[in-house]
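Asker: Provide a 3D model corresponding to the input given below.
(2 chains)
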Amino acid sequence: NAGVTQTPKFQVLKTGQSMTLQCAQDMNHEYMSWYRQDPGMGLRLIHYSVGAGITDQGEVPNGYNVSRSTTEDFPLRLLSAAPSQTSVYFCASSSWGDGNYEQYFGPGTRLTVT
Amino acid sequence: KQEVTQIPAALSVPEGENLVLNCSFTDSAIYNLQWFRQDPGKGLTSLLLIQSSQREQTSGRLNASLDKSSGRSTLYIAASQPGDSATYLCAVRFMDSSYKLIFGSGTRLLVRP
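Answerer: Predicted structure coming up:
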């Protein structure tokens, strides 16, 4: 099992550009989510999904879109990058509904917006 | 407001010491609590998951306890090694916001050879 994978590892964008951060898991987890980690702010939830076709907003969803067309994949789209979106982005997955909920994280994508 | 607090923010100990990291949370209605390790520039590695019905979990030199009524968890590391140096994060899944983990700000541990 590869677990949770993310691409790219690093990305530099100019203000106003758009891009998609990729996330995939091979554990057949229903739940997937995106967090961002910022110094002094900790980890904050951006969007999450409890199954294919189901997504919802977390704490800091503005400027980001998600979709979940398959169980395995949960891409995060930045619509028009802003310097405030400079951060490290983590994708996570877990089972859902069985009471376990142990969360597994990907290695992260370090994004810089200039 | 549901919050998770970790004390101390940083800790430096000589190799071989036993140590305790603390985590407190504001609401006892939780599904579970999870301890993670994060190395610089890396992702989060799950160390231990304690369900709300459990009092402790053990993995190797690590032991995590949970006291829901007092809103506290401790992570005990026995016989610390330089390779244990990392940031340790505590995260709680509260019952009325079960779709997310709420993280503490972490304890940065340095184990000196």
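Asker: okay, buried residues for stretch B:25-35 please.
Answerer: Buried positions in stretch B:25-35, judged by neighbour count with 16 or more other C-beta atoms under 10 Å in any protein chain shown: B:Phe25, B:Asp27, B:Ile30, B:Tyr31, B:Asn32, B:Leu33, B:Gln34, B:Trp35. Yep, even glycine has a C-beta here, placed from its N, CA and C like the rest.
Asker: what of stretch A:20-40?
Answerer: Within stretch A:20-40, the residues that count as buried by 16+ other C-beta under 10 Å are A:21, A:23-25, A:29-37.
Asker: which two in those residues are spaced the farthest apart?
Answerer: The distance between the two most remote of these (C-beta to C-beta) is 23.7 Å, for A:Glu30 and A:Gln37.
Asker: tell me which of the buried residues of stretch B:25-35 is nearest to A:Gly99?
Answerer: The shortest approach to A:Gly99 among the buried residues of stretch B:25-35 belongs to B:Tyr31, at 7.3 Å (C-beta to C-beta).
Asker: surely the closest one and B:Ser52 touch.
Answerer: Yes: under the criterion of C-beta atoms under 8 Å, B:Tyr31 makes contact with B:Ser52 at 5.8 Å.
Asker: chain A next: which of the buried residues of stretch B:25-35 are close?
Answerer: Subset of the buried residues of stretch B:25-35 in contact with chain A: B:Tyr31, B:Asn32, B:Gln34, counting by C-beta under 8 Å from any C-beta of the partner chain.
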